[in-house]
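Peer 1: Need a 3D model of the following:
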Amino acid sequence: MTESAAEREERSNSATSLLKRSGRYFIIIIFALVALAVIIYPLQHVITLGRYQHWGLSITCLGVGYLLQVIWSWKEYTKWARISYFTTAVYFLFVGFTFYSNPWLDTRMSLQTDRQAAMRQLLVIVYFVMSLVLSGVWMKWIRAEAKMQKNKAK
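Peer 2: As a prediction, the model looks like this:
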């Protein structure tokens with residue numbers, strides 16, 4: 001059974017379409033793979049790292065991916081897509097830098113002072129508020145995209 005030229009053309013067009021759609025996320029995908037490699041590879045055998053510092057490096061890689069993607073694709077993204085990716089980058093970078101620069105977060109790594117324990121509670125609150133803001137921004141983008149698609153369909 002041979003494949004017709006139309007079927008080959010259709011498959012080629014769908015592959016091209018997939019590449020175009022994933023092109024909007026290409027840098028994020030690459031840096032997500034780098035972040036995965038960082039988390040899988042036991043860096044603490046090469047350099048002295050705590051568990052949270054190791055996670056911080058991985059999360060920072062993901063944040064850099066979002067930041068580079070929004071810079072690279074600035075012109076093709078809508079306003080809310082830019083804001084969403086940028087706030088996601090800021091969130092991941094903030095969490096990653098915090099984890100890396102504060103090895104005392106891991107109670108097995110070092111003893112915590114009372115000040116550090118209070119700081120830990122503050123960080124949890126800040127992360128929670130930032131995640132709410134991030135969720136709100138993404139929801140606004142989803143609504144804006146849905147509204148745009150609805151207007152296109154009319």
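Peer 1: looking just at contacts, which helices and strands does the helix or strand harbouring Phe99 meet?
Peer 2: For Phe99, the element it lies in under DSSP states H and E is helix 79-101. Using 3 or more C-beta pairs under 8 Å, 6 or more residues apart in numbering; DSSP states H and E, the elements in contact with helix 79-101 are helix 51-72, helix 114-153. Any C-beta I mention is one placed from the backbone N, CA and C, and that applies to glycine too.
Peer 1: Just say which of those helices is most tucked in.
Peer 2: Mean neighbour count (mean count of other C-beta atoms under 10 Å) peaks for helix 51-72 among these, with a mean of 20.
Peer 1: between that helix and helix 79-101, what angle do the directions make?
Peer 2: Using axes from the mean of the first three to the mean of the last three C-alpha atoms, to 10 degrees, the direction of helix 51-72 lies 150 degrees away from that of helix 79-101.
Peer 1: Put the alpha carbons of helix 51-72 into CSV.
Peer 2: Taking C-alpha atoms only, helix 51-72 is exported to CSV below (Å, rounded to 0.1, in the frame of the first residue of the first chain):
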residue,chain,number,x,y,z
ARG,A,51,19.8,20.2,48.4
TYR,A,52,18.0,23.6,48.2
GLN,A,53,21.0,25.1,46.4
HIS,A,54,20.9,22.2,43.8
TRP,A,55,17.2,22.9,43.3
GLY,A,56,17.9,26.6,43.1
LEU,A,57,20.3,26.1,40.2
SER,A,58,17.7,24.1,38.3
ILE,A,59,14.9,26.5,38.9
THR,A,60,17.1,29.4,37.9
CYS,A,61,17.8,27.6,34.6
LEU,A,62,14.1,27.4,33.9
GLY,A,63,13.7,31.1,34.8
VAL,A,64,16.5,32.1,32.4
GLY,A,65,14.7,30.1,29.7
TYR,A,66,11.5,32.0,30.2
LEU,A,67,13.4,35.3,30.2
LEU,A,68,15.3,34.6,27.1
GLN,A,69,12.2,33.3,25.3
VAL,A,70,10.3,36.5,26.1
ILE,A,71,13.2,38.6,24.9
TRP,A,72,13.7,36.5,21.7
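Peer 1: residues making contact with it?
Peer 2: 25-32, 34-36, 38-39, 43-44, 49, 77, 82, 85-86, 88-103, 105-106, 108-109 (C-beta atoms under 8 Å, 6 or more residues apart in numbering).
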